[in-house]
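> A predicted structure for the sequence below; I have some questions about it.
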2 protein chains.
Amino acid sequence: MTTSDALENVTDEPAATEEKGDGYVQPVVDVAALTTLLDGKYVDVRALVRDNLDQHHQILVDAEEMSTADFRDRVRDVVVEMASTGQTGMGFPEAYGGGGDIGASVAAFETLALGDLSVLVKVGVQFGLFGGAILQLGTKPHHDAYLADLITGKLMGCFAMTETGHGSNVQALGTAATYDVATQEFVITTPDDASRKDYIGNAAAHADVAVVFAQLEVSGEGRGVHAFVVPVRSDGLVLPGVRIEDCGRKMGLNGVDNGRIWFDGVRIPRANLLNQFADVTETGDYESSIENPNKRFFTMLGTLVQGRVCVGGAGINASKVALTIATRYAAHRRQFEAADPDQEQLLLDYGMHQRRLFPLIARTYALHFAQEYVAGALHDVFMGVTDDEQSRRKLESRAAGLKALGTWHATRTIQECREACGGAGYLSQNRFDALKADTDVFTTFEGDNHVLLQLVAKGLLTDYSSEFSDMDQFGMVRFVAGLAVETMIEKTSAHKLFQRIKDALPGGDQWDQEAGLFDPNYQRAMLRFREEHMLAGVARRLKRGIDNGMNPGEVFSRVQDHVIGAARAHVERMVLDAFILKTRALPEGDQKVALNLLCDLHALTTIEADRAWFIEHGRLSTARSKAISREINGLCRKIRPLAVDLVDAFGVPEAMLRSQEILA
Amino acid sequence: MTTSDALENVTDEPAATEEKGDGYVQPVVDVAALTTLLDGKYVDVRALVRDNLDQHHQILVDAEEMSTADFRDRVRDVVVEMASTGQTGMGFPEAYGGGGDIGASVAAFETLALGDLSVLVKVGVQFGLFGGAILQLGTKPHHDAYLADLITGKLMGCFAMTETGHGSNVQALGTAATYDVATQEFVITTPDDASRKDYIGNAAAHADVAVVFAQLEVSGEGRGVHAFVVPVRSDGLVLPGVRIEDCGRKMGLNGVDNGRIWFDGVRIPRANLLNQFADVTETGDYESSIENPNKRFFTMLGTLVQGRVCVGGAGINASKVALTIATRYAAHRRQFEAADPDQEQLLLDYGMHQRRLFPLIARTYALHFAQEYVAGALHDVFMGVTDDEQSRRKLESRAAGLKALGTWHATRTIQECREACGGAGYLSQNRFDALKADTDVFTTFEGDNHVLLQLVAKGLLTDYSSEFSDMDQFGMVRFVAGLAVETMIEKTSAHKLFQRIKDALPGGDQWDQEAGLFDPNYQRAMLRFREEHMLAGVARRLKRGIDNGMNPGEVFSRVQDHVIGAARAHVERMVLDAFILKTRALPEGDQKVALNLLCDLHALTTIEADRAWFIEHGRLSTARSKAISREINGLCRKIRPLAVDLVDAFGVPEAMLRSQEILA
């Protein structure tokens, strides 16, 4: 069994073996050993990045003090210096100076998120988006022409996909690439302002080359969106026919030079079409190995999935920085007399403060392990270990889902940690300023999170059928409605699920009443039940709407919150499974005990957060619901003595925390 | 009946008179008339501020482009110019050039929150905190000496309360003011770094004078915290014995010069004690009209309640800016084909988008009316209309509670609106950058929100008894535990409540099953039930903990989330009551219909958000819970055609929206 389908086949264990309650002995956390566990397969890669972060730690201060122009150059310089250590090229073929290991490149990127995030995003733009497009959409001539130089940062490029008027709807973009058979050139044109390229990182100052996504037209026939290499600068000057405007100041990431680009009949040689999936012959014949234009488009887009995996991981890692600062602060900051009339109490000894921080720590661990899992699947698919179409589609779905949850988690966690540090959290030197401002866009770039969850839902509803990625909302509604609901219910296999659950848990039909709250089989069963039930509900609603003669768009609009809810439930279940799989594999000992506490906390807070749904759907009694809330408070008290060790194990370099004064 | 107790006596109406459902006719919103309704008693004041905002709109751009030092000066200049229009002095006595109207000053401040928030906070520091302290804690000689000049901004001052080591726990601060009978001076000293004054607005650059809170010591005896006027600068130079350090860059509000202050034996004349509530005679006798030192401290602090009312209002008004931009954007931005295969669909026609924005619009209206109510109570108390102790305490409690809910609402709303605008929301020119960064500190300044909700809970648990504000957590736990639970239940009057509810609603004991979801009596009953039930539960838990021999601090820590939950439930009920009172008083017509839709949406989403609790406590069947969610979606569809008008009615000046490009 390869990693990429392990989460499909998580089996229940015969019974919960662990003693909780009376026999409980407080574990001791070996911080270094836990860091090693978290670092996983890529301990050395992460060590290299931590070392690079430490060497360039001054950039956290520069971000505040430098002018935008200076800081942009500073970020570029740091990126190029980091490139020279091999850190940013790990995903490229060794033949061009890369490391030949996709998994390593994701690990390096994630770890980089512990530091300045303009550096991170600049790396993402240059090596992930620009470099990734050349690698995945181009062929050997393109690799020969560009890879070696882009890996060192000698050639800077940008990735010109998004347009002002179309945002997440890439298939609708307006830039045209018309083949001129007479000169064997493509003519790149921006027809209107809605079709200008927008928010393009590296465009405003540094890129010499752009990978431009445009509607290909050959011999008068539209062939859909394709990617082209278009020179945009030479010797620092913007080339004729190209107009570039600076996007101006942003909420954060001001070390990245985002810009807008217009093309006015820019001519590029025929060879500049990135022709991995389609080509145009000298004489103007269009050729592609993928006949269906929609399928071709989504196959091209699918090769860029690494970007989403990386952004999700970045969100999770940025959360670690915030949690480390807030937890350490709370462990020595005192406010108000409570337990002792003569001494103020540590923030971390307040129940509410534990409730605010500890579930976020637990969720960060859960997301970390889910991310490790998805990054592993990415590695397997792109290194050719499991390169079938089903694996690719599942990867795309999981990458989309985890990107959404990981980045929303960052927004929420950083905010909660900022507030938990009071006024001190508001000072830029204590990091939350940059963490908040820089991560904010994560929820909407590389695909808006809601749109991504719709993608996840589509995959589930259509069982990753071949039509999966070809459909917009309109198509999906019609497709789903065309299926018999019975088929859908069979697909979502609710009755099979119940059978499996009943076999694994005590109580038979009463499994949800009898099983222990700390039994991972119970926790999984709850999330699995929710996922399947929601999914079947969406299918029924879509079908009913169409059967009632409603317009598919209106149907979709009305069911949209259920669609997104079902997708979220699916990803939540995947995240919990990843955490359970990880802890289950550990040898008995303190580390396992400690991680089981976190895993229980994560599982129970996840159920608690949606307990109304479970009650409404007959899977949670009110007495049991209240018991879950009580147990969560109990878990928080058990985690209290471990809390600082648990965040220290994230391995955030001290210099990345700054906050000298409040953590003194 | 005065405004300040109107919310105590909201009576149920005999029956819901309105026809919802089949007879529904889509109302037309008269935007100007709705703005007038929202502006309330202070239409002219708000018009003046809107005009001033418009005149100084360039400052929104300056905030991005100027250096910190230049922007600080620019903000000061704008504040002084606004002061010359009378805008910022409305709460001061007319004899000194003020407007003599506390309510007007709050209205002016709130409206100012539609613009640059450094200007707002600078105004708050100079006129609210510094000026308010002189006015409320000082006596005629201080008024004569300072008020006229501070009202014009000629004399700039700061409010040096918060210390690094003590944060929200003001009573524990360390700065000493020792009376030297020989020279008839107070000697102000910072004993250690934990006692330096921190985050003091106006301190780093502009203040000549500080109101300093310090532990008064007279003839070797500690007398608790008192306030003193201490000169800190002359001709722009920091005076001897005073050390001021710049707090440096902050997440936002960088037009406000926050600083830290240390005092090294600074001598000030005896007359510089702000002696409204206590004085020291020439010969070193301490005199106060309030014998109990705790009571004296909280009385002094209580006079500063206006700051909390103002911050809450600012949060609510900043939310209006975000909602106006996001709603207008969604009303013309298209993404993906849904209803029509040939045209992309407006964001605002997606059900999920409506679900994201409309409940926030409804809640903003609700909070606006609650704020109007609390500001009215503030006016009545401080203008002497209802100046009894009970009214003051209730005001303090409501101000604290609404500050917490209003500022959390701002954080949540601005974030949701930013995400709803995608990448465009990330550009500084589209306002969310400043809105997010500048409002972020609102949740923790003027009292951390969690601490404020604990204050609210204390007031409720002790029925605003005279000991109310004197107690820390420690004291509160012992006090509450000392009461018989029966007394507490009597006080929270659950059984009386049930009787009232049963009288007002159909169904008798089954009121929660039978009443219409759109019946405001039902909606109120639900929130009232939750409030009373939670409060009684907290009392029982506190008492049980003490009875079991636990340390009060440990008891408090374990019950803390219930304490905060009960306080929040109380404030939520108050907010809904304010909205219901407002709509009920309207004449029949389209405006009333439209506001009733919003009020229903607010009430039902508030119940939905905590539906698990209502189910757990037997007040909501699962069928009814699901019905509420369906009705919310239905309300959103009804509100859809009104949405732009509803945000336009907030009356945000066009220039304050910026976003020219995305709202074009």
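Everything's here; your move.
> gap between residue A:242 and chain B?
21 Å (CB to the nearest CB, to the nearest Å). In short, each C-beta sits where N, CA and C put it, glycine included.
> next one: residue A:367
The value you get for residue A:367 to chain B, if CB to the nearest CB is used, is 19 Å.
> So that residue is in contact with residue A:409, correct?
Yes - checked against CB atoms under 8 Å, the pair residue A:367 and residue A:409 is within contact range at 6.0 Å.
> got any residues that touch both of these two?
Residues touching both residue A:367 and residue A:409 comprise A:316, A:319, with contact defined as CB atoms under 8 Å, 6 or more residues apart in numbering or on different chains.
> gap between residue A:63 and chain B?
Relative to chain B, residue A:63 is positioned 10 Å away (CB to the nearest CB).
> tally of neighbours for that residue?
The local packing count at residue A:63 equals 25, with neighbours defined by other CB atoms under 10 Å in any protein chain shown.
> So it is in contact with residue A:117, correct?
No - between residue A:63 and residue A:117 there is no contact, the gap being 9.0 Å when judged by CB under 8 Å.
> which neighbours do those two share?
Shared contacts of residue A:63 and residue A:117, defined by CB under 8 Å, 6+ apart, are found at residue A:434.
> Could you report the pLDDT at whatever residue of the stretch 301-450 of chain A ends up closest to chain B?
Among residues of the stretch 301-450 of chain A, the one nearest chain B by CB to the nearest CB turns out to be residue A:339. It sits 2.7 Å away. For residue A:339, the model assigns a pLDDT of 74.
> what's the answer for residue A:389, then?
Here the pLDDT value assigned to residue A:389 is 85.
> any idea how far stretch A:150-170 is from the chain center?
Between the mean C-alpha point of stretch A:150-170 and the mean C-alpha point of its chain there is a distance of 18 Å (CA atoms, centre = their mean, to the nearest Å).
> okay, and the helix or strand of chain A with the least pLDDT?
helix A:485-492 (a mean of 61; mean pLDDT, DSSP states H and E).
> Show me which residues of the helix or strand containing the residue of the stretch 301-450 of chain A closest to chain B are buried.
Assessed by DSSP states H and E, residue A:339 sits inside strand A:334-340. Buried residues in strand A:334-340, counting neighbours by 16 or more other CB atoms under 10 Å in any protein chain shown, are found at A:334, A:335, A:336, A:337, A:338, A:339.
> Run through who's touching that strand.
Strand A:334-340 is contacted from outside by A:343-347, A:349-350, B:166-169, B:172, B:451, B:472-474, B:551-554, B:556-557, using CB under 8 Å, 6+ apart.
> at 7 Å what do you get?
Contacts to strand A:334-340, defined as CB atoms under 7 Å, 6 or more residues apart in numbering or on different chains, come from residues A:343-347, B:167-169, B:472-474, B:551, B:553-554, B:556-557.
> so where's chain A shaky on pLDDT?
In the predicted model, chain A carries pLDDT under 70 at residues A:1-6, A:8-9, A:12-22, A:464-474, A:483-502, A:504, A:664.
> Which parts of it are strands?
Under the criterion DSSP state E, chain A carries strands at the ranges A:157-160, A:176-180, A:185-189, A:197-200, A:209-218, A:221-231, A:233-234, A:237-238, A:242-246, A:259-269, A:278-280, A:286-288, A:334-340, A:343-346.
> The fourth one vs chain B: in contact?
Yes - figure legend: strand A:197-200 in contact with chain B (CB under 7 Å from any CB of the partner chain); contacting residues residue A:199.
> Right, I'll call it a day here.
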